[in-house]
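Peer 1: got a sequence here, can you build the structure:
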Amino acid sequence: MRQFGDFSLLAYSEINRVRWDECVSSSVNSLVYATSWYLDTVTNQSWQAIIYGDYEFVMPLPVRRKFGINYLPTPPFVQQLGVFGPQAADEELCNAFVQIALKIVPFIELNFNWMNTFKDEPKFQISTRTNLILNLNLSYEQIQSGYSENMIRNIRKAEKAGIRFNSTSVRSVIQLFREDRGATLPVATSDWYNTLDQLYNVAALRKRGACFGAYDPNGILVAGMFVIEWQGRSTFLFSGNSASGKNSGALPALIDDYIKNHRQNALIFDFEGSDDAGLRRFYESFGAVESNYVHLKVNQLPFYMRWLKS
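Peer 2: Numbers count the residues shown, from 1 in each chain. Modelled structure (predicted):
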């Protein structure tokens, strides 16, 4: 452990996981990505932490190493990290956390959460990332009244096509994705899929995650999704679709079915994005609204190494 005034920089083995999870779960900006079990899974138990006070505010550091250099990226299947605590951390406190992180990493490319803000710093490159969420603390009829006309048409199309809904496995959803978007997505490596598989297993064991499927009249899976439920928030973590599913409106209908039948499990449905215009329109068609967050990049590498990317 290294001490910097009221801040402590802890190695993985030094983190009090009980205190950590208590802080994250009781935080005003609590997100499942910052829990110890989630971080363990997506970093292969390779993260550090900055603690302010006696676990009053915390910030996970998913540090990685490349070409002998430590850097701080956003891990796979994580949308937002940053500073968590009992109230919103002010700009000065957020800046202080970053300054501590820079003592061990010269390069940061990290998504902070929607309640984190920063004071202007010449070396900070700050951008806004899009997230869309849907309020579930309403009747289903009230929620559906916010759907676009096109969304209603898709749901009716699925009904006419005889689409039915049931549970499925994460590997089945992954297979749908592999045959569709995954075929052209550079990030979709074997390690990436394995991390997702492990994440599902850990979340399901804790009764925090489940996979839902849309099936055609012949019982063939045509669309599926993996949702994590935690602290009143249902996070749309991953989905897969097929040509048949797209033609029948299966995925929109599957999301609608989840909203209709699982509202009691959450107050918010978090679509987890997106800056992609097409996905953004799709999420907005459910009546989702923006809840954006900050992406921070700091590059203090020597000038001859600044070509390195995370």
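Peer 1: domains in this protein, by residue range?
Peer 2: Domain assignment of the chain by automatic domain parsing yields the ranges 2-129+292-305, 132-290.
Peer 1: which residues sit in contact with the most centrally placed residue in the chain?
Peer 2: Nearest to the geometric centre of the chain sits Gln79, at 3.5 Å (CA atoms, centre = their mean). Each residue near Gln79 by CB atoms under 8 Å, 6 or more residues apart in numbering is listed here: 33, 111, 131, 272-273, 293. Backbone N, C-alpha and C define where each C-beta goes, glycine included.
Peer 1: what ranges do the strands span in the stretch 201-310 of the chain?
Peer 2: Along the stretch 201-310 of the chain, counting by DSSP state E, counting those that start in this stretch, strands occupy 209-215, 221-230, 233-241, 268-270, 289-290, 293-299.
Peer 1: please, where are all the helices along the stretch 151-300 of the chain?
Peer 2: 170-178, 190-205, 243-248, 250-262, 277-284 (DSSP state H, counting those that start in this stretch).
Peer 1: out of those, which one sits most buried?
Peer 2: helix 250-262 (a mean of 21; mean count of other CB atoms under 10 Å).
Peer 1: adding mean pLDDT, write the domains of the chain out as a markdown table.
Peer 2: Converted to a markdown table, the domains of the chain look like this (pLDDT from 0 to 100):
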| stretch | mean pLDDT |
| --- | --- |
| domain 2-129+292-305 | 95 |
| domain 132-290 | 96 |
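Peer 1: got JSON lines for the contacts of Gln79, with neighbour count too?
Peer 2: What follows is the contacts of Gln79, written out as JSON lines (neighbours: other CB atoms under 10 Å):
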{"residue": "Tyr33", "neighbour count": "26"}
{"residue": "Asn111", "neighbour count": "22"}
{"residue": "Asn131", "neighbour count": "24"}
{"residue": "Glu272", "neighbour count": "20"}
{"residue": "Gly273", "neighbour count": "16"}
{"residue": "Tyr293", "neighbour count": "20"}
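Peer 1: could you dump those into TSV with distance to Leu138 added?
Peer 2: Listed next are those as TSV, based on distance: CB to CB, whole Å:
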residue	distance to Leu138
Tyr33	26
Asn111	28
Asn131	20
Glu272	21
Gly273	22
Tyr293	24
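Peer 1: of all these, which two lie farthest apart?
Peer 2: Maximum pairwise distance among the contacts of Gln79 (CB to CB): 13.7 Å, between Tyr33 and Gly273.
Peer 1: dump the helices of the stretch 151-300 of the chain to JSON lines, plus distance to Ile268.
Peer 2: Formatted as JSON lines, the helices of the stretch 151-300 of the chain follow (distance: least, CB to CB, whole Å):
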{"stretch": "helix 170-178", "distance to Ile268": "22"}
{"stretch": "helix 190-205", "distance to Ile268": "17"}
{"stretch": "helix 243-248", "distance to Ile268": "25"}
{"stretch": "helix 250-262", "distance to Ile268": "11"}
{"stretch": "helix 277-284", "distance to Ile268": "13"}
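Peer 1: quick one: closest of these to Met151.
Peer 2: Of all the helices of the stretch 151-300 of the chain, it is helix 250-262 that lies closest to Met151, at 5.9 Å by CB to CB.
Peer 1: next up, phi/psi of Pro60, please.
Peer 2: Main-chain dihedrals, Pro60, degrees, to the nearest 10: phi -70, psi 150.
Peer 1: residues near it, how many?
Peer 2: Around Pro60 there are 27 other residues, counting by other CB atoms under 10 Å.
Peer 1: equivalent analysis for Tyr147, please.
Peer 2: With neighbours defined by other CB under 10 Å, the count for Tyr147 comes to 18.
Peer 1: from here on, call the first residue 22.
Peer 2: Sure thing, new numbering starts at 22, so read that last one as Tyr168.
Peer 1: that's a helix at it, yeah?
Peer 2: No: secondary structure of Tyr168 (DSSP: H, G, I helix; E, B strand; the rest coil): coil, not part of a helix.
Peer 1: just checking, it touches Phe307?
Peer 2: Yes: using CB atoms under 8 Å, Tyr168 is in contact with Phe307, at 6.1 Å.
Peer 1: wait, doesn't Leu131 sit right on Thr95?
Peer 2: Yes: using CB under 8 Å, Leu131 is in contact with Thr95, at 5.4 Å.
Peer 1: overlap in contacts of these two?
Peer 2: Taking CB under 8 Å, 6+ apart as the contact rule, Leu131 and Thr95 both touch Leu102.
Peer 1: which of those two has more neighbours?
Peer 2: Leu131 (26 against 21).
Peer 1: quick one: residues contacting the closest residue to Lys281 other than its chain neighbours.
Peer 2: Excluding its sequence neighbours, the residue lying closest to Lys281 (CB to CB, 6 or more residues apart in numbering) is Tyr161, at 5.2 Å. By CB under 8 Å, 6+ apart, the residues touching Tyr161 are 280-281, 284.
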